[in-house]
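A.B. asks: 3D model of this:
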Amino acid sequence: MTFASNYLMLNTMKIRNLPSDILQFGIAFVFIYAGIQIILNYQSFVGYAPEIIFDFIPVQIFMYGFAVFEIVLGLWLISGKKLLYSSLTAAGIMILINLFNLDLFIVLFRNIAILCGALALAAMSHRKGSKISITIDTSPEPEESQQPTSPTHQVTNPAVATHTNHNTQTPTSQPLPTQE
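C.D. replies: Sure, this is the predicted structure:
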């Protein structure tokens, strides 16, 4: 299957991952595009870099190095490998760019949207790897004389879905079926 056909497939797995895929593509596009533009015309972006860096590294070398870094970060985001780390790296870059350019915030305020998107992507990717799932307790309600001894296992309505950590899951809880 080609890259395009993977995104056009509308099965349940792809629909469930669509928000994450959209964020990945959007954030990656920003970094890849910026990296290419820096390579094509680095002088237009020199004003956004902290001047103190140029005391240690020549302007052109730093700008080309940063351009390559942005392109690699964009490709890393698209790959989906270690998405939590690539998303947090993207968020960190947006924070640094804005902090070092507070006087240019009138132009860079859009970076806040990229920062929030990167943080949302990090949260979504972190949640995918967590050990928490949704379960439904299907056991009948205990009678008055058979109340559980632990208040954390007391069920008032067995039809209510609850979040349960697998390490402390009650014996009567069963995970919801997944569509993978």
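
A.B. asks: Check which helices and strands the longest helix along the chain is in contact with.
C.D. replies: As assigned by DSSP state H, the longest helix anywhere in the chain is helix 12-40. Contacting helix 12-40 under the criterion 3 or more C-beta pairs under 8 Å, 6 or more residues apart in numbering; DSSP states H and E are the following elements: helix 3-8, helix 59-79, helix 83-99, helix 111-128. Where you see a C-beta, it was placed from the backbone N, CA and C, and this is true even at glycine.

A.B. asks: Nearest to residue 20, out of those helices?
C.D. replies: Distances from residue 20 to each of the helices and strands packed on helix 12-40 were compared by C-beta to C-beta, and the smallest falls on helix 111-128, at 5.1 Å.

A.B. asks: The closest one versus helix 12-40: what angle between them?
C.D. replies: Computed with axes from the mean of the first three to the mean of the last three C-alpha atoms, to 10 degrees, the direction of helix 111-128 lies at 140 degrees from that of helix 12-40.

A.B. asks: which residues sit against helix 111-128?
C.D. replies: Residues from elsewhere that reach helix 111-128 (C-beta atoms under 8 Å, 6 or more residues apart in numbering): 19-20, 23-24, 26-27, 30, 77, 83-84, 87-88, 90-91, 94-95, 97-98.

A.B. asks: PyMOL command for the buried members of those residues?
C.D. replies: Buried members of the contacts of helix 111-128, defined by 16 or more other C-beta atoms under 10 Å, are picked up in PyMOL with:
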select buried, resi 20+23+24+27+30+77+83+84+87+88+90+91+94+97+98
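
A.B. asks: how much space is there between residue 125 and residue 24?
C.D. replies: For residue 125, the distance to residue 24 equals 9 Å [C-beta to C-beta, to the nearest Å].

A.B. asks: so what sits against both of those two?
C.D. replies: Between them, residue 125 and residue 24 share these contacting residues under C-beta under 8 Å, 6+ apart: residue 83.

A.B. asks: Got phi/psi on residue 45?
C.D. replies: phi -110, psi 0 (degrees, to the nearest 10).

A.B. asks: typed the wrong thing, it's residue 49
C.D. replies: phi -90, psi 140.

A.B. asks: For the residue lying closest to residue 57 once chain neighbours are set aside, give me the pLDDT.
C.D. replies: By the measure of C-beta to C-beta, 6 or more residues apart in numbering, the closest residue to residue 57 outside its immediate chain neighbours is residue 65, 7.8 Å from it. At residue 65 the predicted local distance difference test score is 97.
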